[in-house]
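A.B. asks: Fold the following, please.
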Amino acid sequence: MTFRNVSLLMVFAAVNAGAQTAGNWTQMAPLTSPSARSGTAMAYDSVHGQTVLFGGYNGGYLNDTWVWDGSNWTQKSPANSPPVRSGHTMVYDSAHSQVVLFGGLGGSFDYLNDTWVWDGSNWTQKLPQASPSVRYLHTMAYDSAHGQAVVYGGYGTASSVFLNDTWVWDGSNWTQKSPQTSPPTRDRSVMAYDSAHGQAVLFGGYSSGLNSLNDTWVWDGSNWTQKTPPNSPPARANSAMAYDSAHGQSVLFGGENQNLSNLNDTWTWDGSNWTQQSPQTSPPVRAFHSMAYDPAHGQTVLFGGYIGTYLNDTWAWGTGSEPAIAAVISLSGFGGLSTVAPGSWVEIYGSNLAATSRLWTGADFSGNNAPTSLDGVGVTIGGQKAFVEYISPGQIDVQTPSSIATGGPLPVVVTNGYSSAPFNVTVNVAAPGLLATAPFQISGKQYAVALLADGVTYVLPAGAIPGVASRPAKPGEPIVLYGIGFGTVVPNSPAGQIVTQSNQIAQSFQISFGGVPAVFNYDGLEAPYIGLYQFNVTVPAVADNNLVPLTFSLGGVPGAQTLYIAVHQ
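C.D. replies: Residues are numbered from 1 along each chain as shown. As a prediction, the model looks like this:
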């Protein structure tokens, strides 16, 4: 929806593609989200590349299904769904390519022990010969080494029983295990499968005496073993945990302590010890939230919870390396200036900037408003969110906010789960540049990208670029030029919004051919795009020359580019 989508520029305005530290939480900004809730369950469906969320409680029990694609939530409409519930569990069964759901508390406060599977489009109830007893607030993890889902403990039956039994699901039936040792009875614990060490890790919960716990146990497929790490998170229940396969560690967040105070600390388990993390940003305190690891986007996704009110915010814990910014310039195809301006377009170069490479699409927009993040990657300039058009590991393109301060340096920060060190840029009132891309540099001379009225013929010496229609412009002939960074327009059109009406550059503006001023038919932002200026000018009477100097000034200040244009009668 910017100049990248203008067909006449697509050929020439292509993208110039170019050790683990402490992680960080980034709040995501999806266009749609599930309603606020607690007690939901999530699991990552690796076949379909999306995180699946089901059910929960928000004053009423729910049975809706949503999927997360790394940047947005989409509600599904399956033909069949499990009944409403909360306090259930879900895991992804990679051996059978399906998400498995078990148990929970139903809408009539009935304890459940039904088993359902999700295939990416529909739910199917399974009818195993044996099942664990009814329960909720249990925990479940998928043991990929043994190809089975493991259920432990929970709270069940009308006689209020805390449980400590262990069951495994093989894709068609449940089997109760008889380990030599087991964790004491409990509910509200968390469990995740640590594939690096081949064991499921269980932490905390509430004991039958309603005491919060902070013990750590591991399941190896046949027996439980209590671990004695040097460090442990404080005792808690109703937290959430997911295994980050990229870094071989389980990530635990939040919950509530013995005093029912909500927490927002982050801890990681490496197989032998717990380490408290010190992220720059964290989700607010909460309990009864849910987490799942999304390997496609390198992020642990957190959703919802309860803090006296129900929540529906989405956060991502970054699992990539810390991004590093090496340079920030205005778009290279428009001069590549070292300064930026409000509403201008800039290229950010560096390393580890994003895990994926893509341009924004219409699905990323909210009405006329451009996205401020793509796949969890965002940029701030002076603490304000920029509008993200393109991401890749080595380059990000953004439009700067309209309201950033001018007159001095401002910090640019990239966040992708981690945050980069600030990179200072100088912000001027304007940072103007005309479109003049590398293919238009001919025999060492940089020509501006200009179009004749037919919209397909470029203003160049005839045949200057093989396969591209071109000829010199004639005096008195209208041509079109493009630019970025020319400052505010009247009426105002804020950055990050698709332009919907004609406008005019607020400052005095002049384009000259060989020192002769040209007459404008239009000088403003072009609709329906974002941040792209269009200049409809009439070529003045100048002598025939394939190298006519093309200059401009904005507010009386000459432009920084050295450009040429071809003019012949």
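A.B. asks: Show me the residue at the heart of the chain, geometrically.
C.D. replies: With distances taken as Cα atoms, centre = their mean, the residue of the chain nearest its centroid is G376 (1.7 Å).
A.B. asks: got the contact list for the closest residue to it other than its chain neighbours?
C.D. replies: Nearest residue to G376, sequence neighbours excluded (Cβ to Cβ, 6 or more residues apart in numbering): A316, at 4.9 Å. (C-beta placed from N, C-alpha, C; glycine too.) By Cβ atoms under 8 Å, 6 or more residues apart in numbering, the contact list for A316 reads 25-26, 28, 294, 297, 299-302, 376, 417.
A.B. asks: Make a markdown table from the residues you listed and add distance to S245, secondary structure and pLDDT to it.
C.D. replies: Listed next are these as a markdown table, based on distance: Cβ to Cβ, whole Å; DSSP: H, G, I helix; E, B strand; the rest coil; pLDDT from 0 to 100:
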| residue | distance to S245 | secondary structure | pLDDT |
| --- | --- | --- | --- |
| W25 | 19 | strand | 89 |
| T26 | 19 | strand | 85 |
| M28 | 20 | coil | 88 |
| D294 | 10 | strand | 90 |
| H297 | 13 | coil | 78 |
| Q299 | 12 | strand | 85 |
| T300 | 10 | strand | 93 |
| V301 | 14 | strand | 96 |
| L302 | 17 | strand | 98 |
| G376 | 17 | coil | 80 |
| G417 | 15 | coil | 70 |
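A.B. asks: Could you tell me which of the residues you listed count as buried?
C.D. replies: Of the members of the contacts of A316, the ones counted as buried by neighbours, 16 or more other Cβ atoms under 10 Å, are 25-26, 28, 294, 297, 299-302, 376, 417.
A.B. asks: can you count the residues close to the closest residue to Q277 other than its chain neighbours?
C.D. replies: The spatially closest residue to Q277, leaving aside those adjacent along the chain, is T266, at 4.3 Å (Cβ to Cβ, 6+ apart). Burial of T266 is recorded as 24 neighbouring residues (other Cβ atoms under 10 Å).
A.B. asks: Correct me if wrong: T266 contacts V251.
C.D. replies: Yes. Under the criterion of Cβ atoms under 8 Å, T266 is in contact with V251, at a separation of 6.8 Å.
A.B. asks: Which neighbours do the two have in common?
C.D. replies: Taking Cβ under 8 Å, 6+ apart as the criterion, T266 and V251 both touch 23, 317.
A.B. asks: mind listing the helices for the stretch 301-450 of the chain?
C.D. replies: Secondary structure of the stretch 301-450 of the chain (DSSP state H, counting those that start in this stretch): no helices located.
A.B. asks: just to revisit the earlier point, what are the bridge partners for the residue nearest to G376, then?
C.D. replies: In this structure, A316 has beta-bridge partners T26, V301, where bridges are defined by DSSP bridges.
A.B. asks: Relative to G70, how far out is it?
C.D. replies: Counting by Cβ to Cβ, to the nearest Å, the separation of A316 from G70 is 9 Å.
A.B. asks: okay, and the common contacts of these two?
C.D. replies: If you check A316 and G70 against Cβ under 8 Å, 6+ apart, the residues they both contact are 294, 297, 299, 376.
A.B. asks: Nearest to N63, out of the residues you listed: which one, please.
C.D. replies: Each of the shared contacts of A316 and G70 was scored against N63 by Cβ to Cβ, and D294 proved nearest at 23.1 Å.
A.B. asks: hmm, back to that, and the residue nearest to Q277, what helix or strand is that in?
C.D. replies: T266 is located in strand 262-269, with elements delineated by DSSP states H and E.
A.B. asks: before we move on, back to that, can you redo the buried ones among the contacts of A316 as CSV with distance to S182?
C.D. replies: CSV is the format used below for the buried ones among the contacts of A316 (distance: Cβ to Cβ, whole Å):
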residue, distance to S182
W25, 34
T26, 38
M28, 38
D294, 31
H297, 36
Q299, 33
T300, 28
V301, 31
L302, 29
G376, 39
G417, 36
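A.B. asks: quick check, nearest of those to Y243?
C.D. replies: Distance to Y243 across the buried ones among the contacts of A316 (Cβ to Cβ) is lowest for T300, with 8.7 Å.
A.B. asks: Need the residues that contact stretch 471-481.
C.D. replies: 434-435, 448-453, 457, 459-462, 511, 521, 534-542, 544, 546, 565-569.
A.B. asks: Would you mark the buried spots in it?
C.D. replies: For stretch 471-481, a neighbour-count test (16+ other Cβ under 10 Å) marks 471-473, 475, 479-481 as buried.
A.B. asks: what does stretch 363-372 give?
C.D. replies: Going by 16+ other Cβ under 10 Å, stretch 363-372 has these buried residues: 364-365, 370-372.
A.B. asks: related to what we said a few turns ago, so which of the contacts of A316 is the closest to Y61?
C.D. replies: With Cβ to Cβ as the yardstick, the closest approach to Y61 among the contacts of A316 comes from L302, at 21.5 Å.
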